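[1] sequence plus the predicted model coming up.
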Amino acid sequence: MPLDLAMGLPPEESNGGTSINDIVSRQQEMAEDAYNLARNHLQVATERRKWSYDIRVKKAEYCRGDWA
């Protein structure tokens, strides 16, 4: 905002003297954490879907000479 240009950023919005590299590193860590969290949730969902599918599947048994 134009006021921020004239007066400076409020203390809670300033970067506190951290460097750009620190900010980028923190963003990368947050992205990796989000990726790992999503991956873990997908793994749990996959296992749940497999379990519910396996309950409904009936094993087909064929004998020699069957045309199934």
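    Yep, that arrived.
[2] centre of the chain to the longest helix seen in the chain, how far?
    Longest helix in the chain by number of residues (criterion: DSSP state H): helix 20-56. Here helix 20-56 is found 4 Å from its chain centre; the criterion is CA atoms, centre = their mean, to the nearest Å.
[3] which residues touch E47?
    Shown in contact with E47 (CB atoms under 8 Å, 6 or more residues apart in numbering): no residues. From N, CA and C alone the C-beta is placed, and that goes for glycine too.
[4] let's see stretch 53-60 as PDB, backbone CA atoms only.
    C-alpha atoms of stretch 53-60 as PDB (Å, rounded to 0.1, in the frame of the first residue of the first chain):
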ATOM      1  CA  TYR A  53     -12.500 -53.700  -2.500                       C
ATOM      2  CA  ASP A  54     -10.900 -56.900  -1.300                       C
ATOM      3  CA  ILE A  55     -13.900 -57.600   1.000                       C
ATOM      4  CA  ARG A  56     -16.300 -57.700  -2.000                       C
ATOM      5  CA  VAL A  57     -14.100 -59.700  -4.400                       C
ATOM      6  CA  LYS A  58     -14.800 -63.400  -4.600                       C
ATOM      7  CA  LYS A  59     -12.000 -65.700  -5.600                       C
ATOM      8  CA  ALA A  60     -12.700 -67.500  -8.900                       C
END
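[5] and that stretch, what's buried?
    Residues of stretch 53-60 classed as buried by neighbour count (16 or more other CB atoms under 10 Å): none.
[6] what average pLDDT does that stretch get?
    Here stretch 53-60 scores 89 as its mean pLDDT.
[7] cool, and stretch 9-21?
    71.
[8] how far does that stretch stretch from one end to the other?
    Terminal residues of stretch 9-21 are spaced 20 Å apart (CA to CA, to the nearest Å).
[9] quick one: the residue nearest to the spatial centre of the chain from A31, how far?
    For the chain, the residue nearest the mean C-alpha position is A38 (2.4 Å; CA atoms, centre = their mean). A38 is 11 Å from A31, where distance means CB to CB, to the nearest Å.
[10] R49 - how many residues pack around it?
    For R49, the neighbour count with other CB atoms under 10 Å is 10.
[11] er, G65 actually
    Using other CB under 10 Å: G65 sits among 5 other residues.
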